[in-house]
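> sequence and computational prediction follow.
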There are 2 protein chains.
Amino acid sequence: MISEKMQGYVKNSSAIRAMFEEGKRLASIYGAENVYDFSLGNPNVPAPEAVKEAALHVLNEEDSLMVHGYMSNSGYEDVRKAVADSLNNRFGTHYDESNLVMTVGAAGGMNVIFKTLLNPGNEVIAFAPYFGEYRAYVTNYDGVLKVVSPNTETFQPNLEAFEELLTEKTKAVIVNTPNNPTGVVYSAETLRNLAEILEKKQKEYGTSIYLISDEPYRELVYGGVEVPWIPDFYWNTIVGYSFSKSLSLPGERIGYLVLPTEMDDSEAIKNAANVATRILGYVNAPSFFQRVVARCLEEKADIAYYDRNRETLYEGLKKAGLSCIKPEGAFYLFVKSPVEDEKEFCEEAKKQNLLLVPGSSFACPGYVRLAYCVSYEMILRSLPHFEELMKKYR
Amino acid sequence: MISEKMQGYVKNSSAIRAMFEEGKRLASIYGAENVYDFSLGNPNVPAPEAVKEAALHVLNEEDSLMVHGYMSNSGYEDVRKAVADSLNNRFGTHYDESNLVMTVGAAGGMNVIFKTLLNPGNEVIAFAPYFGEYRAYVTNYDGVLKVVSPNTETFQPNLEAFEELLTEKTKAVIVNTPNNPTGVVYSAETLRNLAEILEKKQKEYGTSIYLISDEPYRELVYGGVEVPWIPDFYWNTIVGYSFSKSLSLPGERIGYLVLPTEMDDSEAIKNAANVATRILGYVNAPSFFQRVVARCLEEKADIAYYDRNRETLYEGLKKAGLSCIKPEGAFYLFVKSPVEDEKEFCEEAKKQNLLLVPGSSFACPGYVRLAYCVSYEMILRSLPHFEELMKKYR
């Protein structure tokens, strides 16, 4: 009785569920401490203390009717102003509250912007490897997702292949940097070249092509790496952000969209994004946590914890004979499978109680993703099992 | 550059926005205390103290990683169990956590269920007058909304007209009781007759027709009126609930769907609703407020305040020469316009600084809606202006 579209989505979801069930099954046999689950991007570092303090402040000092009430569908004006000010301070931009829409996480923001922009048949381009949910966010609005094949040397986007995919039907392009699943940060050079191609093609087709920058991992970078501010490179950029990772609040569903004044048809898009937020049933981003994050814009979770995990796991895997690009951001390692069929490798890994996600889930077979937002101790305990696993492949 | 569908939605939204702007304009001229804004269904009674206590408890006593983290897309198991237990206590049902999906308000729940059920061209029936957003929730998934003409005698649903609208394409029927905008509670007799028609038509067409009961006003009833539990009347009932009104938490976006085991294809629908929650970008209902409401299931906002408003406004309007059904629930009065074109009446009312919503917004022209979730003092101050307004129509 469920819709045909949902039948497809449900089928795709069963792999994730199967992995989750497998983890539970293994834990029940071997004990939770002997299962090494690298499959989930769920922060294991708690929210900073400032979040609790802000929550207590809002509860104790602000007016309950205002805190829990309706506001503009785009969010509280003062919250949007605070976010705009914070961005202006960091990136030298000139945003105000009218450029911000508070959203139900980055996922909510992407749905709002695709609802706003896409006519049936419009094309959206993503770069492999990419977060698998993008396909649903695009097809929800009858858009067509086109995928640029990966550049497995550097995992910077493959710009030659990209240029060939652009057509007069291209409405939007998704970038995600720091990247899930590779942890790669797109360089300024990459972004300059990307912008140049987009400008050329816009001119050629007489269209507007929006660059949607999905940035939940913006704050999660290591070794002083800088994440370029993409609207500096290309005026038709829309930024989607989430506090899920930076403040370890994934369950709260709080993020924002930046809709710059400089982009084509800015007023119409801002107005429509406000309406889309309402009619998609979000109505508004959760009110209490809008007010909480506004007080925590300069805070972040303990990134050093992830950094130690990154170093330890990266070195450990290398020692075991695996190879991967050393990630500069996010909390994932994207590791080359020692055999072509990475699903077979994942099955072998399971025999060592190691749970990894096949790269096929990110349109990049031959690789596996490890999420290292896990306890440091689990990483230490897992390393001998990677050694054991790799004996097969020497 | 925005999508064609959005252009339509934006156009429809401009009337609401115009009303809001008009209120601000009048307030700036006459002072806020001299503008009588009955246009918004935004609770003016604060959340009960128990909500704050629960919030403090969750912040201080529960594990931060769990409270703010991801859980099943359908919500925390213990929260869903608590909601199921509370329903079982009240209605003698036998739900468990598998029958509940926590949602981003009732609006989020309705989008989840329509995403789950509707193929393009499927028909959904609503009874006029109805909450205008239903049209968007249905057309979001390329469904077709069919509207049953109103029964303006009692504002119980017009069941003869309903029966004629049912076809083999009918996938769902929406009911909303206590009703926005009339405040009417559907009687047990109405529901029995409605169920009988649905059962007959299901059999005739060999289809399943789901009754979606949108119940944000369930707890807001006066004078001891009982709101029947609709799944008791018809097995293919899905209940959508929101804590927006009962706990005065509209901004928090927290509610649930009840997906009974008894309904046709229950397992597939429960599974798909879980997936739909994710891919629509909600991912899950806000985690902190899931945990808060689970501790407040037997609480409600100060309904006596609305009841006094109801009595005072109803009597005042009657005295001024207006007529309407005395509402038994929600916080709206649906008043007959003294002239056929109720928009003209709304314009006249504005001259008295009275802001009313035309019934056309609810597919029921000739009537106007007044939301009495406002301060009692504002109602008292407004009554002479209704007297003055009605002098024109005597």
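Looks like it arrived, so ask away.
> ignoring the adjacent residues along the chain, who's closest to A:Met19?
Counting by CB to CB, 6 or more residues apart in numbering or on different chains, A:Met19 lies nearest to A:Ser39, which is 5.3 Å off, once chain neighbours are set aside. Every C-beta, even on glycine, is put in place using the N, C-alpha and C of the backbone.
> hang on, the one you found in a helix?
No. Read with DSSP: H, G, I helix; E, B strand; the rest coil, A:Ser39 is coil and lies in no helix.
> that one: what's it in contact with?
By CB atoms under 8 Å, 6 or more residues apart in numbering or on different chains, A:Ser39 lies in contact with A:Met19, A:Phe20, A:Gly23, A:Leu355, A:Leu356, A:Val357, A:Ala371.
> got the buried residues for the biggest helix by length in chain A?
In chain A, taking DSSP state H as the definition, the longest helix is helix A:4-30. Across helix A:4-30, burial judged by 16 or more other CB atoms under 10 Å in any protein chain shown covers A:Lys5, A:Met6, A:Tyr9, A:Val10, A:Ser13, A:Ile16, A:Met19, A:Gly23, A:Leu26.
> between the contacts of A:Ser39, which sits nearest B:Gly329?
A:Phe20 (41.8 Å; CB to CB).
> ranges for the helices of the stretch 251-394 of chain A?
Applying DSSP state H, counting those that start in this stretch to the stretch 251-394 of chain A gives helices spanning A:266-279, A:287-294, A:303-320, A:342-351, A:376-391.
> can I get those helices in TSV with distance to B:Asn180 and mean pLDDT?
Formatted as TSV, these follow (distance: least, CB to CB, whole Å; pLDDT from 0 to 100):
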stretch	distance to B:Asn180	mean pLDDT
helix A:266-279	16	97
helix A:287-294	21	98
helix A:303-320	47	98
helix A:342-351	51	96
helix A:376-391	51	98
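> might you enumerate the residues of the stretch 101-250 of chain A proximal to chain B?
Within reach of chain B by CB under 8 Å from any CB of the partner chain, the stretch 101-250 of chain A has these residues: A:104-105, A:107-112, A:115-119, A:133, A:136-137, A:140-141, A:208, A:248-250.
> mind checking which of those are in helices?
Those of these lying in helices (DSSP H): A:105, A:107-112, A:115-117, A:133, A:136-137.
> got the angle between the least confident helix or strand in chain A by mean pLDDT and helix B:266-279?
Across the helices and strands of chain A, mean pLDDT, DSSP states H and E gives its lowest value to helix A:4-30, namely a mean of 87. Put simply, helix A:4-30 runs at 90 degrees to helix B:266-279, going by axes from the mean of the first three to the mean of the last three CA atoms, to 10 degrees.
> which strands and helices sit next to helix A:4-30?
strand A:354-355, helix B:266-279 (3 or more CB pairs under 8 Å, 6 or more residues apart in numbering or on different chains; DSSP states H and E).
> change it to 10 Å
Judged by 3 or more CB pairs under 10 Å, 6 or more residues apart in numbering or on different chains; DSSP states H and E, helix A:4-30 is in contact with strand A:36-37, helix A:133-139, helix A:342-351, strand A:354-355, strand A:357-358, helix B:105-117, helix B:266-279.
> mean neighbour count, those: which tops it?
helix B:105-117 (a mean of 28; mean count of other CB atoms under 10 Å in any protein chain shown).
> from the chain's centroid, how far away is that one?
13 Å (CA atoms, centre = their mean, to the nearest Å).
> could I get it in PDB with only the CA atoms?
Taking Å, rounded to 0.1, in the frame of the first residue of the first chain, the C-alpha atoms of helix B:105-117 are listed here in PDB:
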ATOM      1  CA  GLY B 105       4.900  18.400  15.000                       C
ATOM      2  CA  ALA B 106       1.600  17.300  13.500                       C
ATOM      3  CA  ALA B 107       2.600  19.000  10.200                       C
ATOM      4  CA  GLY B 108       5.800  16.900  10.000                       C
ATOM      5  CA  GLY B 109       3.700  13.800  10.800                       C
ATOM      6  CA  MET B 110       1.200  14.500   8.000                       C
ATOM      7  CA  ASN B 111       4.000  15.000   5.500                       C
ATOM      8  CA  VAL B 112       5.600  11.700   6.600                       C
ATOM      9  CA  ILE B 113       2.300   9.800   6.100                       C
ATOM     10  CA  PHE B 114       1.500  11.400   2.800                       C
ATOM     11  CA  LYS B 115       5.100  10.700   1.600                       C
ATOM     12  CA  THR B 116       4.600   7.200   2.700                       C
ATOM     13  CA  LEU B 117       1.200   6.600   1.100                       C
END
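> quick one: name whatever helix or strand follows it.
Toward the C-terminus, helix B:105-117 is succeeded by strand B:123-127 as the next helix or strand (DSSP states H and E).
> helices or strands up against that next one?
helix B:133-139, strand B:144-148, helix B:159-165, strand B:170-175, strand B:210-214.
> okay if I get these as TSV plus distance to B:Arg310 and mean pLDDT?
Converted to TSV, the helices and strands packed on strand B:123-127 look like this (distance: least, CB to CB, whole Å; pLDDT from 0 to 100):
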stretch	distance to B:Arg310	mean pLDDT
helix B:133-139	24	97
strand B:144-148	26	98
helix B:159-165	27	98
strand B:170-175	22	98
strand B:210-214	21	98
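> need those in a markdown table with distance to B:Lys336, can you?
Below are those laid out as a markdown table (distance: least, CB to CB, whole Å):
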| stretch | distance to B:Lys336 |
| --- | --- |
| helix B:133-139 | 23 |
| strand B:144-148 | 20 |
| helix B:159-165 | 20 |
| strand B:170-175 | 23 |
| strand B:210-214 | 25 |
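> pick the most buried one from those.
Among these, strand B:210-214 has the highest mean neighbour count (mean count of other CB under 10 Å), at a mean of 26.
> now the closest residue to A:Gly359 other than its chain neighbours: how far from B:Tyr306?
Spatial nearest neighbour of A:Gly359, excluding adjacent residues (CB to CB, 6+ apart): A:Tyr367 at 3.5 Å. To B:Tyr306, A:Tyr367 is 59 Å away according to CB to CB, to the nearest Å.
> now A:Ala268
In terms of CB to CB, A:Ala268 sits 39 Å off from B:Tyr306.
> over to A:Glu267?
39 Å.
> quickly find the element holding A:Leu191.
Going by DSSP H and E, A:Leu191 is in helix A:188-205.
> quick one: contacts of that helix?
A:127, A:154, A:156-157, A:159-160, A:162-163, A:166-170, A:173, A:175, A:177, A:184, A:186-187, A:207-211, A:213, A:226, A:228-230, A:232-237, A:264 (CB atoms under 10 Å, 6 or more residues apart in numbering or on different chains).
> go with 6 Å
A:Gln156, A:Leu159, A:Glu163, A:Leu166, A:Glu168, A:Ile209, A:Pro228, A:Phe233, A:Tyr234 (CB atoms under 6 Å, 6 or more residues apart in numbering or on different chains).
> any idea how far chain B is from the nearest residue to A:Leu26 once chain neighbours are set aside?
Setting aside the residues directly before and after it, A:Leu26 is nearest to A:Val35 in space (CB to CB, 6+ apart), at 4.6 Å. Distance from A:Val35 to chain B, counting by CB to the nearest CB, to the nearest Å: 18 Å.
> how about A:Val35, what does it touch?
Counted by CB under 6 Å, 6+ apart, A:Val35 has contacts A:Leu26, A:Ala27, A:Asn353.
> recalculate using a threshold of 10 Å.
A:Val35 touches A:22-29, A:350, A:353-355, A:378, A:381-382, counting by CB under 10 Å, 6+ apart.
> quick one, domains of chain A?
A:4-47+A:301-391, A:49-294 (automatic domain parsing).
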